[in-house]
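J.: Provided below are the primary sequence and the corresponding predicted coordinates.
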Amino acid sequence: MQNTLKSAATFAGLGLHSGAKVRMVVRPASADYGIWFRRMDVVDRDPMVQAHWDGVVPSKLCTLIENADGVHVSTIEHVMAALAGSAIHNALIEIDGPEVPILDGSAVPFVEGFLAKGIREQAAPVRAIRVLKPVEVRDGDALARLEPAEMLEIDFQIDFEEAAIGRQSRRLNMANGAFVRELSDSRTFCLQSDVDMMREKGLALGGTLENAVVFDAGQVLSPGGLRHSDEPVRHKMLDAVGDLALAGGPVLGRYTGIRAGHALTNRLLRALFADPEAYCMVDCGPTTVGKLPGVGVHRGDLPTAH
């Protein structure tokens with residue numbers, strides 16, 4: 001069965017890159033609606049923007065979607081990950097600006113809001129994308145790959161010169177609430193030098209030590225330190241869950257990311273859907289539904305310290 005919210009969940013905060021205060025309301029939607037954003041501040045053009053892989057436009061810093069009228073919404077990856085990780089398939093997201101609020105830099109505030117409002121089953125089967133053969137894209141030493149598997153699995157590796165990050169890897173089967181328990185509270189991260197450079201260019205205006213993990217000269221500058229010893233690679237996995245959620249349905253396959261980012265994951269989806277022999281759409285029966293991310297998740301799955 002597909003899922004939606006029982007009632008609307010409201011969030012407010014700064015956009016990471018714009019620094020503008022944004023109010024966002026995630027509302028229930030009917031079966032087979034999918035995930036759509038509605039720009040409440042847009043009156044002269046089509047305000048509706050579908051959260052779908054073919055609406056992604058190039059952006060180095062985040063995932064940005066745009067409609068045919070040029071109306072866009074940016075930094076959608078964390079709320080998309082929260083929706084997918086909470087098994088919410090249909091929602092209308094009303095937002096009064098161009099960027100999703102960053103909140104604490106993770107997906108856990110969104111998950112908390114969704115679980116507090118409740119999730120409702122809908123009388124329609126979940127349509128999933130089953131990966132039938134390996135598909136891979138590369139960019140230098142970065143790689144993203146999808147290959148057949150019974151459920152969504154994520155295998156991610158990162159390698160940074162910054163000593164406090166270094167090499168990290170993690171692999172997770174995403175069934176049984178693993179996203180909420182293992183990934184949802186992991187925050188976006190960056191180097192202090194990157195923050196300084198972006199602010200000189202008028203970017204990262206809403207970024208603070210409270211909504212990102214900032215590293216500098218082998219030290220963690222953010223108060224309280226890390227939530228997990230491998231928080232950076234966990235956050236990269238969180239981003240991958242959000243970017244894969246733009247496929248238009250749950251993905252049944254194993255995702256491997258090596259130094260991959262938003263753009264490469266979107267290129268991977270484009271490569272997948274460009275090859276009709278690489279995937280098929282399936283109606284999920286009870287056994288498959290039980291393996292989807294977020295199915296059966298409850299508030300007890302939320303991380304206790306964040």
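T.: Yep, it's here.
J.: where do the helices sit along the chain?
T.: 77-85, 108-117, 178, 192-200, 231-244, 262-273, 286-289 (DSSP state H).
J.: deepest of the ones you listed, which one?
T.: Stretch with highest mean neighbour count among the helices of the chain: helix 77-85 (a mean of 28; mean count of other C-beta atoms under 10 Å). Where you see a C-beta, it was placed from the backbone N, CA and C, and this is true even at glycine.
J.: and for that one, what are the contacting residues?
T.: The contact list for helix 77-85 (C-beta atoms under 8 Å, 6 or more residues apart in numbering) reads 24, 26, 35, 51, 62-63, 89, 91, 93, 100, 102-103, 105-108, 110-111, 114, 174, 179-180, 183-184, 188, 238-239, 241-246, 250, 262, 293-294, 297.
J.: Spatially nearest residue to Gly85, not counting backbone neighbours?
T.: Phe179 (3.2 Å; C-beta to C-beta, 6 or more residues apart in numbering).
J.: With Glu182 instead?
T.: Glu182's closest residue in space is Leu172 (C-beta to C-beta, 6+ apart), at 6.0 Å.
J.: thinking the one you found is in contact with Arg181, fair?
T.: No: counting by C-beta atoms under 8 Å, Leu172 does not reach Arg181; the two are 9.8 Å apart.
J.: Could you check which of the two has the larger neighbour count?
T.: Between Leu172 and Arg181, counting by other C-beta atoms under 10 Å, Leu172 is the more crowded of the two (19 against 16).
J.: what residues go with each domain of the chain?
T.: 2-122, 127-297 (automatic domain parsing).
J.: picking up where we left off before, do you know the pLDDT at the residue nearest to Gly85?
T.: The score at Phe179 is 97. That number is its pLDDT.
J.: Equivalent analysis for the one 4 residues further on, please.
T.: Each residue has a pLDDT score; the one for Leu183 is 98.
J.: residues near it, how many?
T.: Leu183, neighbours per other C-beta under 10 Å, totals 30.
J.: ok, now how distant is it from Ala8?
T.: Computed as C-beta to C-beta, to the nearest Å, the Leu183 to Ala8 distance reads 25 Å.
J.: One more: Pro276?
T.: Distance of Pro276 to Ala8, given as C-beta to C-beta: 38 Å.
J.: Which one's more surrounded, those two?
T.: Ala8 (14 against 8).
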